[in-house]
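K.L.:
this is a predicted model, with the sequence first.
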Amino acid sequence: MKKFLAVYTGSPDSPSAKRWNALDESSRKKMEAEGMKAWGEWVAKNKNSIVETGAPLGKTKRAETDGIQDIRNQMAAFTVVQAESHDAAAKLFLKHPHFTIFPGDGVEIMECLPIPGA
């Protein structure tokens, strides 16, 4: 089995985020509850493939040769899964609540490759 990092993406400027933010508080809370229930069901359904459930991601800092700065990106959360192939790993996220209920843009899935020479 290969390991894959799945990064949930979203943008506060996306049409789905704008629709989400336009909801009244009661409607948004209802959708949040529905989304968390569906996410839990997704985790239960895929428990044999999930290596690390992951977590939401907070503010981002970037370290580089010029120092450290605050930046913004589209990464919202992560999960680590295992699957026989890249396609099989990607299929785990079809119709995921991150973008079918919540205002996320998508999920990017990439293989965790072995460290060269290790």
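P.N.:
Perfect, thanks for sending it. None of the values given here were measured: they were computed from a predicted structure.
K.L.:
for the one helix or strand Trp20 maps to, give me every contacting residue.
P.N.:
Take DSSP states H and E as the rule and Trp20 turns out to sit in helix 15-22. Under the criterion CB atoms under 8 Å, 6 or more residues apart in numbering, residues 10-12, 28, 31, 99, 102-105 lie in contact with helix 15-22. Every C-beta, even on glycine, is put in place using the N, C-alpha and C of the backbone.
K.L.:
now that Gly35 has come up, it's in contact with His96, right?
P.N.:
No: at 10.3 Å, Gly35 does not count as touching His96 under the criterion of CB atoms under 8 Å.
K.L.:
how far out from the middle of the chain is the lowest-mean-pLDDT helix or strand in the chain?
P.N.:
When each helix and strand of the chain is scored by mean pLDDT, DSSP states H and E, helix 15-22 comes last, with a mean of 93. Between the centre of helix 15-22 and the centre of its chain there are 18 Å (CA atoms, centre = their mean, to the nearest Å).
K.L.:
stretch 50-60 - what's its average pLDDT?
P.N.:
Average pLDDT, stretch 50-60: 96.
K.L.:
low-confidence bits of this structure, can you list those?
P.N.:
Within the chain, not a single segment meets pLDDT under 70.
K.L.:
list the buried residues in the top helix by length along it.
P.N.:
The longest helix of the chain (DSSP state H) is helix 25-45. With burial defined by 16 or more other CB atoms under 10 Å, the residues of helix 25-45 counted as buried are 35, 38-39, 42.
K.L.:
now the strands for this protein?
P.N.:
Ranges of strands in the chain, per DSSP state E, are 2-9, 50-56, 60-64, 67-71, 75-83, 106-111.
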